[in-house]
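Engineer: Sequence and predicted model, in that order:
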Amino acid sequence: MAMELNEKDLEILRLLQRDAKMSVKEIGERLESPVTTVYSRIKRLEELGVIKGYTALLDASKLGRGTTAFILASFTYRTPGIERPLDQRQIAREVARFPEVQEVHIITGDWDILIKVKDRDVASIGRFVIDKLRMIEGIEKTLTCMVFDTLKETPNIQIAEAYKEGGRKTH
């Protein structure tokens, strides 16, 4: 659910999304706002959870993890000998604990979750699927899609467009 943010808040988010190392002073200069005002707005955005954290974007291939796969997995909700059904969210949380896993999404359709994995090579991803993923109780079957080439991969969000379409004012 989108919340009420004004244009200065949105501009701060745009600037931080482009360069999270930008200082409060630099942001203030760009917005022609006092440092104390910018600092207060950033703190408020953090407290509201709009800004969830700050991180460095790393080049996976330069760190030996340049192979990407998307894996679809389906669950079996009933295990023989166990009366209560398995919890889909709990299974997804278990999958998310593996260090190779970058994303886990519970989805609709013929599959139950979509998993994004980065590792050294195809063989490493194969070992992940066979030795780790398929060993989780409740994972019934998987379909692995190897990525040949990535044209766009970004954590950035279109701030103004997404915010305006959500029906909120940006005054």
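Structural biologist: Okay, I see it. Residues are numbered from 1 along each chain as shown.

Engineer: What strand or helix carries residue 71?
Structural biologist: With elements taken from DSSP states H and E, the one containing residue 71 is strand 67-75.

Engineer: mind listing what that strand pairs with, with the direction of each?
Structural biologist: Strand 67-75 sits in its sheet next to strand 113-119 (antiparallel), strand 139-146 (antiparallel), going by DSSP bridges.

Engineer: Just the buried positions in that strand, please.
Structural biologist: Of the residues in strand 67-75, those with enough neighbours to count as buried (16 or more other Cβ atoms under 10 Å) are 67-69, 71-73, 75. Every C-beta, even on glycine, is put in place using the N, C-alpha and C of the backbone.

Engineer: from the residues you listed, which single one is nearest residue 44?
Structural biologist: Within the buried residues of strand 67-75, the smallest distance to residue 44 is 36.0 Å, found for residue 68 (Cβ to Cβ).

Engineer: Identify the residue spatially nearest to that closest one, adjacent ones excluded.
Structural biologist: Take residue 68 and drop its neighbours on the chain: the residue closest to it by Cβ to Cβ, 6 or more residues apart in numbering is residue 147, 4.0 Å away.

Engineer: Hmm, the one you found is touching residue 70, no?
Structural biologist: Yes - distance between residue 147 and residue 70: 7.1 Å, which falls inside the contact criterion (Cβ atoms under 8 Å).

Engineer: got a list of contacts for the strand holding residue 71?
Structural biologist: Contacts made with strand 67-75 from outside it, assessed by Cβ atoms under 8 Å, 6 or more residues apart in numbering, are listed as 60, 86, 88, 91, 95, 110-122, 124-125, 129, 133, 138-147, 150.

Engineer: Separate out the buried members of the residues you listed.
Structural biologist: Among those, those buried by neighbour count (16+ other Cβ under 10 Å) are 60, 86, 91, 95, 111-119, 124-125, 129, 133, 138-139, 142, 144.

Engineer: Go ahead and produce CSV holding the CA coordinates of the following helix or strand past the strand holding residue 71.
Structural biologist: Next in sequence after strand 67-75, counting helices and strands by DSSP H and E, comes helix 88-96. This file holds the C-alpha atoms of helix 88-96, laid out as CSV (Å, rounded to 0.1, in the frame of the first residue of the first chain):
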residue,chain,number,x,y,z
GLN,A,88,3.8,-23.2,1.8
ARG,A,89,5.3,-20.1,3.4
GLN,A,90,7.5,-22.2,5.7
ILE,A,91,8.8,-24.2,2.7
ALA,A,92,9.5,-20.9,0.9
ARG,A,93,11.4,-19.6,4.0
GLU,A,94,13.5,-22.8,4.1
VAL,A,95,14.4,-22.3,0.4
ALA,A,96,15.3,-18.6,1.1
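
Engineer: Brilliant, that's me finished.
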